[in-house]
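Provide a 3D model corresponding to the input given below.
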Amino acid sequence: MSGHAAPISMTSRPAGPLRGVADVPGDKSVSHRALILGALCVGETHITGLLEGEDVLATAAAMRAFGAEVERLGEGEWRVHGVGVGGFQEPEDVIDCGNAGTGARLIMGAMATSPITATFTGDASLRSRPMARVTEPLALFGARAYGRAGGRLPMTIVGASAPVPVRYALPVASAQVKSAVLLAGLNAPGETVVIERVATRDHTERMLAGFGAEIRVEETEEGRVITLTGQPELKPQRIAVPRDPSSAAFPVCAALIVPGSDVLVPGIGLNPTRAGLFATLRDMGADLAYENEREEGGEPVADLRARYSPDMQGIEVPPERAASMIDEYPILSVVAANATGETVMRGVGELRVKESDRIDAMARGLRANGVEVEEGEDWWAVTGAGPGSVAGGGLAEARLDHRIAMSFLVLGMAAQAPVRIDDGAPVATSFPVFEPLMAGLGAQIVRANR
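Reported below is the predicted structural model:
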C-alpha cells in the first residue's frame, strides 16, 4: 500500500446542471476512530457506514496486526472483536498506513503506552509528513521514537513499559495530536489532561465517552481542558458512521458554481467542530439548506441541499474557523474563484504540512487556470470575477493529494475550458466512488486512457 500505482490523468469538462442525490461515503475521521476504539474494547463492536477507502482499510489492517479480529460483513458493515485497553500484541511486520496521516498518528498514540514495539511506514506523501508533533508528547508518557530526519517515516515506536499520565497543552490546533495523546492516556494510570486553546474536531472525545471512558471537557481561561481517567474497561458498541462532511464538500461546492444545479446530500455529519465550510459558504451567499436535522450515534446529522448560487461574494474567512474546516480550504478556494471579489483565508499554516503543501498546490493550479491568487506563509487570497469567469484549460498537479485532485476536478465543471489533473489515483484514499457519484449528477470527468 505504500507504493503508488501509475498516475491516472483526468480531465474535467464544463458540465450542464448537476442534479440528484449524492450519497457520499462515511466520515473518514469517525471511521478511523471506530476501528481503533473497537480494537481497544473487550468484546465485539459492530460498525455500519464505515468508509471503505484506502486510508481506513489501512487502519483496519493495522488493528489486525495488533491482535484484534476485524471482519468485513458487507458493504460498510464491519465487526471488530477487541483485545482491551493495554492488550495490543506486538505486530510481526511493518505497519503500512498508506496515505493516512490520521491513521498513523492515532495508531501511534494507541500503542505508545503498551510495552511493545512497532514500525510504521506509508506512501511517498505520508513519508514526507512530520510526525514529531505526535512523538514529542508521546515521549512524555515514556514512549521512544526512532525515525528519519525531521521526524519522518519510516519510524519505530517503542512503547512505554511503565507509562505515566501527562498534562499537555497543544502548541498548535491539531485534532490528530490531541487524539493521539488521549488514546495514549487510555493505558496510563491516573488522569491525562489535554489543553487546546482552539477547539478542534471532537470525535475522539465523543466516541471515548460512548465507549464508556471517564472523560470530561471544561472551558477555562487556559482554553478547552479535556481530562481522561486512564485504564478503563471500554465497552463494545454499535456505531453508525455519519457521512463525511469533507467528502460532501465536493458535490456541494460543485452544485454552488455550476449553473442550474440542485443537489441533495443526505445524512451528513454536522459536528460543530467540522462544519466551518458550510457556515463560510453561507456567509458568502450560498443557497445551502439543512433538512431533516437529527442525531445519529451521538453526532448531529442533516440532509444538505445545495443550489446554484450566482451571487456569492468574496469574504474574509474568520481565522478562528480554520480548525473546523482545515481540510476544506482547497475546495473553498475553487468556490472563491467563481465568486465576486476577494476571499482571504488566514491562520491556515497547517495546510503547508498536509498530504501536500496545499496552499502552494492550489495557488499554482488556480493560476494555471487563469485565477488570481496571492499567498503568504499562513494565508492566501483568491480573487474571483463572478460566475463563469474561470478560464480553465490548464494542468494542475495533484501531488499525491486526494483533496487537491478533487478540487481541480470540480473547478473544471464550471470553467470555460476543461481542467486536467496529472493524477487522480489518490482520490481512492478517501472518496473511492467520487467519479461515478459525480457522473451520476451530470459531471463529465474522463480518464486519459479512455
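
now for the helix or strand residue 181 falls within, which elements pack on it?
Per DSSP states H and E, residue 181 falls inside helix 175-185. Here helix 175-185 touches helix 28-39, helix 101-111, helix 132-141, strand 191-196, helix 203-210, strand 223-229, going by 3 or more Cβ pairs under 8 Å, 6 or more residues apart in numbering; DSSP states H and E. For the C-beta atoms, the positions are set from N, CA and C on the backbone; glycine is no exception.

where does pLDDT dip in this structure?
Along the chain, segments meeting pLDDT under 70 span 1-5, 297-298, 449-450.

where do the domain boundaries of it fall?
According to automatic domain parsing, the chain is divided into the following domains: 10-26+242-447, 28-228.

could you pull out the helices for the stretch 201-350 of the chain?
203-210, 245-257, 276-284, 329-338 (DSSP state H, counting those that start in this stretch).

give me the three-state assignment for residue 410.
helix (DSSP: H, G, I helix; E, B strand; the rest coil).

residues near it, how many?
Residue 410 has 30 neighbours, counted by other Cβ atoms under 10 Å.

surely it meets residue 331?
Yes. Taking contacts as Cβ atoms under 8 Å, residue 410 lies within contact range of residue 331: 6.4 Å.

identify the contacts common to the two.
250, 253 (Cβ atoms under 8 Å, 6 or more residues apart in numbering).

got a list of what residue 422 touches?
Contacts of residue 422 (Cβ under 8 Å, 6+ apart): 7, 9, 395-398.

let's see 6 Å
Listed by Cβ atoms under 6 Å, 6 or more residues apart in numbering, the contact partners of residue 422 are 9, 397-398.

would JSON lines of the helices of the stretch 201-350 of the chain with mean neighbour count be doable?
Converted to JSON lines, the helices of the stretch 201-350 of the chain look like this (neighbours: other Cβ atoms under 10 Å):
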{"stretch": "helix 203-210", "mean neighbour count": "22"}
{"stretch": "helix 245-257", "mean neighbour count": "28"}
{"stretch": "helix 276-284", "mean neighbour count": "21"}
{"stretch": "helix 329-338", "mean neighbour count": "27"}
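
picking that back up, how big is the angle separating the helix holding residue 181 from strand 223-229?
30 degrees (axes from the mean of the first three to the mean of the last three Cα atoms, to 10 degrees).

ramachandran coordinates for the nearest residue to residue 310 once chain neighbours are set aside?
Distances taken as Cβ to Cβ, 6 or more residues apart in numbering put residue 387 closest to residue 310, at 4.6 Å, once the chain neighbours are dropped. Taking degrees, to the nearest 10, you get phi -60, psi 140 for the backbone angles of residue 387.

tell me if I'm right that residue 387 and residue 309 touch.
No. Judged on Cβ atoms under 6 Å, residue 387 makes no contact with residue 309 at a distance of 8.8 Å.

for the helix or strand in which residue 362 is found, which helices and strands make contact with it?
If you go by DSSP H and E, residue 362 is part of helix 358-368. For helix 358-368, the packing partners by 3 or more Cβ pairs under 6 Å, 6 or more residues apart in numbering; DSSP states H and E come out as helix 329-338, strand 372-375.

how long is stretch 168-188 end to end?
End-to-end span of stretch 168-188 (Cα to Cα, to the nearest Å): 14 Å.

now do that stretch: everything it contacts.
85-86, 102, 105-106, 109-110, 112-114, 133-134, 137-138, 141, 163, 165, 192, 194-196, 198, 200-201, 204, 228, 230, 323.

what are the buried residues along it?
For stretch 168-188, the neighbour count (16 or more other Cβ atoms under 10 Å) marks 168, 170, 173-188 as buried.

and residue 133, what does it touch?
Contacts for residue 133 (Cβ under 6 Å, 6+ apart) come out as residue 177.

now stretch 75-94: how far from the chain's centre is it?
With Cα atoms, centre = their mean, to the nearest Å as the basis, stretch 75-94 stands 22 Å off its chain's centre.

what does stretch 208-227 give?
Counting by Cα atoms, centre = their mean, stretch 208-227 comes out at 22 Å from the chain centroid.

just stretch 370-390 next, same as before
24 Å.

can you give me the buried ones in it?
Judged by neighbour count (16+ other Cβ under 10 Å), stretch 370-390 contains these buried residues: 370-371, 373, 378-385, 387, 389-390.

closest one of these to residue 153?
Sorting the buried residues of stretch 370-390 by distance to residue 153 puts residue 378 at the head of the list, at 24.8 Å, by Cβ to Cβ.

just give the closest residue to the closest one, not the sequence neighbours.
residue 349 (3.3 Å).

quick one: closest of the helices of the stretch 201-350 of the chain to residue 299.
Across those, closest to residue 299 is helix 203-210 (Cβ to Cβ), at 7.0 Å.

so which other helices or strands are in contact with the closest one?
In this structure, helix 203-210 packs against helix 28-39, strand 215-220, with contacts taken as 3+ Cβ pairs under 6 Å, 6+ apart.

out of those, which is the most enclosed?
helix 28-39 (a mean of 28; mean count of other Cβ atoms under 10 Å).

what packs against that one?
If you count contacts as 3+ Cβ pairs under 6 Å, 6+ apart, helix 28-39 packs onto helix 54-65, strand 77-83, helix 101-111, helix 203-210.

same list (these) but as a markdown table, adding distance to residue 260.
A markdown table is the format used below for the helices and strands packed on helix 28-39 (distance: least, Cβ to Cβ, whole Å):
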| stretch | distance to residue 260 |
| --- | --- |
| helix 54-65 | 34 |
| strand 77-83 | 37 |
| helix 101-111 | 36 |
| helix 203-210 | 36 |
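
just those: most buried one?
Mean neighbour counts for the helices and strands packed on helix 28-39 (mean count of other Cβ under 10 Å) peak at helix 101-111, with a mean of 27.

which SS state does the nearest residue to residue 148 once chain neighbours are set aside fall under?
If the residues on either side of it in the chain are set aside, residue 148 comes closest to residue 154, at 6.8 Å by Cβ to Cβ, 6+ apart. With three-state DSSP as the basis, the three-state label of residue 154 is strand.

and what of residue 161?
What three-state DSSP gives for residue 161 is coil.

next up, the contacts around it.
residue 115.

any idea how far it lies from residue 143?
Distance of residue 161 to residue 143, given as Cβ to Cβ, to the nearest Å: 10 Å.

go on, residue 338?
Applying Cβ to Cβ to residue 338 and residue 143 gives a distance of 47 Å.

try residue 163
Counting by Cβ to Cβ, the gap from residue 163 to residue 143 is 8 Å.

these two: which has the busier surroundings?
The neighbour comparison of residue 163 against residue 143 (other Cβ under 10 Å) goes to residue 163, with 27 against 22.

dump the residue contacts of residue 125.
99, 355, 400.

residues near the nearest residue to it once chain neighbours are set aside, how many?
Among residues not flanking residue 125 along the chain, residue 400 sits closest, at 4.0 Å (Cβ to Cβ, 6+ apart). Neighbour count for residue 400, taken as other Cβ under 10 Å: 21.
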